[in-house]
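1. Model the following, please.
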Amino acid sequence: MSQSKQRWAKELFTQSEFHLDMLKKIQDKGFVTIGIQPEEDNFPFVYTVGLADKGMPDLIVVGNMSQSLMSTIIIKVAKLFEENGPTVGIIEGLIKVPLKIVSVDPEIVADKMLVTDAYNAYKAHDNYFVQILWPDEEGRFPDNVNFSKKFADATEILPLRKAH
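-> This next block holds a predicted model:
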């Protein structure tokens, strides 16, 4: 993270242990994963902050699974992006099932997922997100009309990013 971003965030959030811890982890590891367990009828999710400094999109996983599993998936995808560059589409071999990477609308992520607090601390509003999706038992992804209803109760696909 650049010195100016770190200085700006420290000045703004001197009282926030969470933000200072987040900034230290970004400085040490290049990014941080943050897990959210919503109180309402929304799915839990995990997202990254800090990948923009590496020229990569931030990642988000939304679904009814453990935050540690979602974090593991995110870390594996981030490592793949670091080694081969960011991509969208289907990737195989990271976990037991293929994953699908789709670009999502960052405004929806900020509004719907309430991730703006961490991004305000990091000052990363210009970054974009990709969502990591997993298939149903037949290998279909949530954007397929035949995606299993059983799995539809376990994940949510966010609105796609508009083409520029």
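2. Now do the longest helix along the chain: distance to the chain's middle.
-> Using DSSP state H to define each element, the chain has its longest helix at helix 67-84. On the basis of C-alpha atoms, centre = their mean, to the nearest Å, helix 67-84 sits 10 Å off its chain's mean C-alpha point.
3. Just list what that helix packs against, helices and strands only.
-> strand 32-36, strand 45-49, strand 58-62, strand 99-104, strand 129-133 (3 or more C-beta pairs under 8 Å, 6 or more residues apart in numbering; DSSP states H and E). Backbone N, C-alpha and C define where each C-beta goes, glycine included.
4. other SSEs contacting the longest one?
-> Using 3+ C-beta pairs under 8 Å, 6+ apart as the contact criterion, the secondary-structure elements in contact with strand 99-104 are helix 67-84, strand 89-91, strand 129-133.
5. So which residues make contact with the second one?
-> Residues outside strand 89-91 that contact it (C-beta atoms under 8 Å, 6 or more residues apart in numbering) are Val77, Leu80, Pro98, Leu99, Lys100, Ile101.
6. Low-confidence ranges, this protein, go.
-> 1-15, 39-41, 109-127, 153-154, 156-164 (pLDDT under 70).
7. Mind listing the residues bridging to Val61?
-> Val46 (DSSP bridges).
8. give the contact list for it.
-> Counting by C-beta under 8 Å, 6+ apart, Val61 touches Phe45, Val46, Tyr47, Met70, Ile73, Ile74, Gln131, Ile132.
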